[in-house]
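Engineer: Quick one, fold the following:
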Amino acid sequence: MGYCPCFGSRRRSRPEREEERTVSRKSRLEISSSEPRKDISAPKNKASAQIEARTFTLQELKTATNNFGSGSFIGQGGFGPVYKGHVESTGQAVAVKKLDQSGCQGEKEFLVEVLMLNLAHHPNLVNLVGYCADKEQRLLVYEYMPLGSLDDHLFDLAPEKEPLDWNTRMKIAAGTARGLDYLHNKASPPIIYRDLKSSNILLDEGFHPKLSDLGLAKFGPTGDNTHVSTRVMGTQGYCAPEYLQSGRLTMMTDIYSFGVVLLELITGRKAVDNSNGSEKYLVNWAFPRWKDRMNLWLLADPLLKSQFSESVLKKVLEVAFMCLRDDATARPSTSEVVLALDYLASRKYKPNEAGNGSPKTPSSPTETTRMLARDFNRERAVAEAKMWGEHWREKRRDIAPDLESDAFNRSINTVLSSLFECLWQLDQPNEFSVNNSRVDFSTGWFRSILKACEDRVKGNPNIVEN
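Structural biologist: Numbering: from 1, shown residues only. Presented below is the predicted three-dimensional model:
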């Protein structure tokens, strides 16, 4: 059987999201809203050990799931039905995915997922416990994720279910980025996920996120190749435009999908909402509102009830829209996204702190005039920033000793940490100063300044301390 096309997956009908391959929300085990939310740190030494997946017999999995009974059923995905079970020999709770021979995934996806999860081990990837290939039967056995998937906690919430707070959303965003960064930069060979979406982000205790469902994953390009040519697959609303048009798959394809997930976390809206007319796609809905920089708080999920720092919201939105650039080469790398989101997630929202949460009223004419003047100053500051970068490139050429990579990396991290800290301390946290002018903390110019910092450190690492 072949892959599922991006817009034509065959699966059990579900009116609100018939284009996605995901596990049914209504049948998953959910935590009670009456239970206090605990901020439990990421499990240690779990899913990170290089342990080979175990081979199960069909009988073992029948026993574990009570013969795949209705009482064990927890959802339906593109691969097939999913059951909760307990491995008799270890007592471990597991989720068992059983291949539906008439479904949209098949033998190839089964083999890919076993291969990928045997090669890739990280705290932000779901752990493959084992598999079963018994005659016609194909089953995958995962560690059980007690809190279900991210989309269970964002969309169509039952009245009694507690929505995710801002700090939890940022924790999930940062953890998801770390999992993706592992696939792109630390797995060997590198892996392109190709199906990043909220229903594939599973949540362990403490809302610790783990990427799941690597059946559509591909190894990244090798040698001089810049992309992998492949049939277009994935999920409607998450696919990068250049991938849809050409079938050319790169790491930046995943970055676009991550930007959509980040918007879902911020807005509480689905990637695709068929009831929303011309703005059915979340990206199309969000872009016009992103241009209204004085009212960005309107993009935030109403269920947050303004319980967030508006300055942090602006920065997270900047990261999201950097990921959603039409020009794939202009999108940030996963390592850059991790750096930004780890920092922003560390800025915990505290309701009693001044300046948190209260949305601004629409700007007055006086405020608008002030903003226009500030925009003019930004243009001038941009030119000065470029000159600053050129100055340090000249300085590097004059000094230019060869540096050990470890020393260079430490110096770069010092510069970046200091830069982020400076950004946060400013009265207007989305800007920073160069030669007494302010430069916008935004997509292109911020990265230009980072490049200037990098050149500065390459020229003389001791200059970091000055």
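Engineer: Going by C-alpha atoms from here, please, whenever you check contacts or count neighbours.
Structural biologist: Fine.
Engineer: Trp297 reaches Glu310, doesn't it?
Structural biologist: Yes - with contact defined as C-alpha atoms under 8 Å, Trp297 reaches Glu310; the gap is 6.7 Å.
Engineer: So if I had to pick from these two, which one is more boxed in?
Structural biologist: Shown here are Trp297 and Glu310; by other C-alpha atoms under 10 Å, Trp297 has more neighbours (25 against 21).
Engineer: what residues go with each domain of the protein?
Structural biologist: The chain breaks down into these domains under the TED database: 54-143, 148-346.
Engineer: any chance of these in JSON lines, plus mean pLDDT and distance to Asn352?
Structural biologist: Listed next are these as JSON lines, based on pLDDT from 0 to 100; distance: least, C-alpha to C-alpha, whole Å:
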{"stretch": "domain 54-143", "mean pLDDT": "86", "distance to Asn352": "32"}
{"stretch": "domain 148-346", "mean pLDDT": "91", "distance to Asn352": "10"}
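Engineer: residues of the helix or strand containing Gln59 that come out buried?
Structural biologist: With the criterion set as DSSP states H and E, the secondary-structure element containing Gln59 is helix 58-64. Across helix 58-64, burial judged by 16 or more other C-alpha atoms under 10 Å covers 58, 60-61, 64.
Engineer: do stretch 240-250 as well
Structural biologist: 240-244, 247-250.
Engineer: Could you single out the nearest of the buried residues of helix 58-64 to Gly206?
Structural biologist: Ala64 (25.8 Å; C-alpha to C-alpha).
Engineer: can you pull the contacts of that closest one?
Structural biologist: 85-88 (C-alpha atoms under 8 Å, 6 or more residues apart in numbering).
Engineer: Filter the residues you listed down to the ones in strands?
Structural biologist: 85-86 (DSSP state E).
Engineer: Just the buried subset of the contacts of Ala64, please.
Structural biologist: Among those, those classed as buried by 16+ other C-alpha under 10 Å are 85-87.
Engineer: still on that earlier bit, how about the CA coordinates for the helix holding Gln59, as PDB?
Structural biologist: This file holds the C-alpha atoms of helix 58-64, laid out as PDB (Å, rounded to 0.1, in the frame of the first residue of the first chain):
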ATOM      1  CA  LEU A  58       0.500 -11.800  18.500                       C
ATOM      2  CA  GLN A  59      -0.600 -13.800  21.500                       C
ATOM      3  CA  GLU A  60       1.300 -11.600  23.900                       C
ATOM      4  CA  LEU A  61      -0.400  -8.500  22.600                       C
ATOM      5  CA  LYS A  62      -3.800 -10.100  22.700                       C
ATOM      6  CA  THR A  63      -3.200 -10.800  26.300                       C
ATOM      7  CA  ALA A  64      -1.900  -7.300  26.900                       C
END
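Engineer: Now whichever helix or strand comes after that helix: buried residues?
Structural biologist: Next helix or strand after helix 58-64 toward the C-terminus (DSSP H and E): strand 73-76. Counting neighbours by 16+ other C-alpha under 10 Å, one finds that the buried residues in strand 73-76 are 73-76.
Engineer: For strand 73-76, which strands pair with it and how are they oriented?
Structural biologist: strand 81-86 (antiparallel) (DSSP bridges).
Engineer: And the next helix or strand past whichever strand or helix holds Pro209?
Structural biologist: Per DSSP H and E: Pro209 is located in strand 208-211. With elements assigned by DSSP H and E, the helix or strand that comes after strand 208-211 is strand 218-219.
Engineer: which residues are contacting that next one?
Structural biologist: Strand 218-219 has contacts (C-alpha under 8 Å, 6+ apart) with 189-194.
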